[in-house]
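K.L.:
Predicted model follows, preceded by the sequence.
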Amino acid sequence: MARLEIDWTRCDGHGLCATLLGGDVALDEWGFPVLKGREITAGELPDARRAVLACPALALRLDKSVKGY
Amino acid sequence: MTLWYVARAAGVVAMIMFTLAAALGIVSSGNRRPDRRFWLQYVHRSAAVTGLVLLIAHVFAVIADSNVEISPTVLLWPFGSGYRPFAMAVGTLALYGLVFATIAGAARGRLARFAAFSRYWRTIHIAASVGWALSIGHALLAGTDRTAPWMLAISLSCLTAVVGAGFYRAHTYAPPTLVRAGRAR
């Protein structure tokens, strides 16, 4: 299990995360991501990893240490 | 002689692939459409990796080939090759740049947790892309076909493609904040 994280010091609101992970990320009215806070299942991990690598600002992260709240 | 053909073909196609990678890199990082940007970025990476594989084939083939005298030591010390020393030096420096640019690009995600790296990686990546310009110089200076019209046409189109991408980028540049301000939602 893993959870997405956004480094707000890096995020520029390019919006690739919301395009690639529509189920986990929405965009606010200024184009910045809003996480839906869902757990990323093992099957979704490859796509989530791809999205992390696609972030132009390297602001999207995958935190694998979180085991639910 | 077969190796010499392989060397030339791999070299030319590697140059075209890195040109594609460079042009797409310039265009994609200025693109404000997330879906389009993702695909441009994807093809940019694929082209760079294909180019790197062909570049390695090119280097192995020219060293292994007996037609020209190029010793493996040029990889460590680019100057003083028996065959066209200046062109070979330019080519080896191009190799360093392109390999470094590809490594910097590939390491991007892995080193993202270091703040210093993520701040400077784009600068490192772009600086290393100077290897691309050197590769065009190498294509114009070395090789059996360098003065053949079709080869000159390929080299110059590669140059034009990247310069064109640069102009396109400068022409369509819009800071993300302005794009966002004009975004109707």
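P.N.:
The structure has been received and is ready for your questions.
K.L.:
ok, the nearest residue to A:Cys11 once chain neighbours are set aside to B:Ser71 distance?
P.N.:
Excluding the flanking residues, the one nearest A:Cys11 by CB to CB, 6 or more residues apart in numbering or on different chains is A:Ala59, at 3.9 Å. Every C-beta, even on glycine, is put in place using the N, C-alpha and C of the backbone. In this view, A:Ala59 and B:Ser71 are 47 Å apart by CB to CB, to the nearest Å.
K.L.:
of these two, who's got more company?
P.N.:
A:Ala59 (21 against 12; other CB atoms under 10 Å in any protein chain shown).
K.L.:
show me the contacts for that one.
P.N.:
Neighbour list for A:Ala59: A:Ile6, A:Asp7, A:Trp8, A:Arg10, A:Cys11, A:Asp12 [criterion: CB atoms under 8 Å, 6 or more residues apart in numbering or on different chains].
K.L.:
tell me the pLDDT at the first one?
P.N.:
Among the per-residue scores, A:Ile6 shows a pLDDT of 93.
K.L.:
Residue ranges in the chain under the pLDDT threshold?
P.N.:
Just going to use chain A. Applying pLDDT under 70 to chain A flags the ranges A:66-69.
K.L.:
not quite, I wanted chain B
P.N.:
Residues of chain B that meet the criterion pLDDT under 70 lie in B:175-185.
K.L.:
residue ranges for the helices of it, please.
P.N.:
Remark: helices assigned in chain B by DSSP state H are B:2-28, B:34-64, B:85-107, B:115-128, B:130-141, B:149-172, B:176-181.
K.L.:
Does the first one pack against any helices or strands, and if so which?
P.N.:
The reference is to helix B:2-28. When contacts are defined as 3 or more CB pairs under 8 Å, 6 or more residues apart in numbering or on different chains; DSSP states H and E, helix B:2-28 packs onto helix B:34-64, helix B:130-141, helix B:149-172.
K.L.:
and the second one, what other elements does it pack with?
P.N.:
Okay, so that is helix B:130-141. helix B:2-28, helix B:85-107, helix B:149-172.
K.L.:
Okay, and the residue nearest to B:Gly109 when sequence neighbours are not counted sits in which element?
P.N.:
Nearest non-adjacent residue to B:Gly109, counting by CB to CB, 6+ apart: A:Leu53, 4.4 Å away. Per DSSP states H and E: A:Leu53 is located in helix A:45-54.
K.L.:
Can you show me the CA trace of that helix as PDB?
P.N.:
Below are the C-alpha coordinates for helix A:45-54, written out as PDB (Å, rounded to 0.1, in the frame of the first residue of the first chain):
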ATOM      1  CA  LEU A  45       1.500   1.100  -8.400                       C
ATOM      2  CA  PRO A  46       3.000   1.000 -11.800                       C
ATOM      3  CA  ASP A  47       0.700   3.700 -13.100                       C
ATOM      4  CA  ALA A  48       1.300   5.800 -10.000                       C
ATOM      5  CA  ARG A  49       5.000   5.400 -10.400                       C
ATOM      6  CA  ARG A  50       4.800   6.500 -14.100                       C
ATOM      7  CA  ALA A  51       2.800   9.600 -13.000                       C
ATOM      8  CA  VAL A  52       5.400  10.400 -10.300                       C
ATOM      9  CA  LEU A  53       8.100  10.300 -13.000                       C
ATOM     10  CA  ALA A  54       6.000  12.400 -15.400                       C
END
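K.L.:
All set, thanks.
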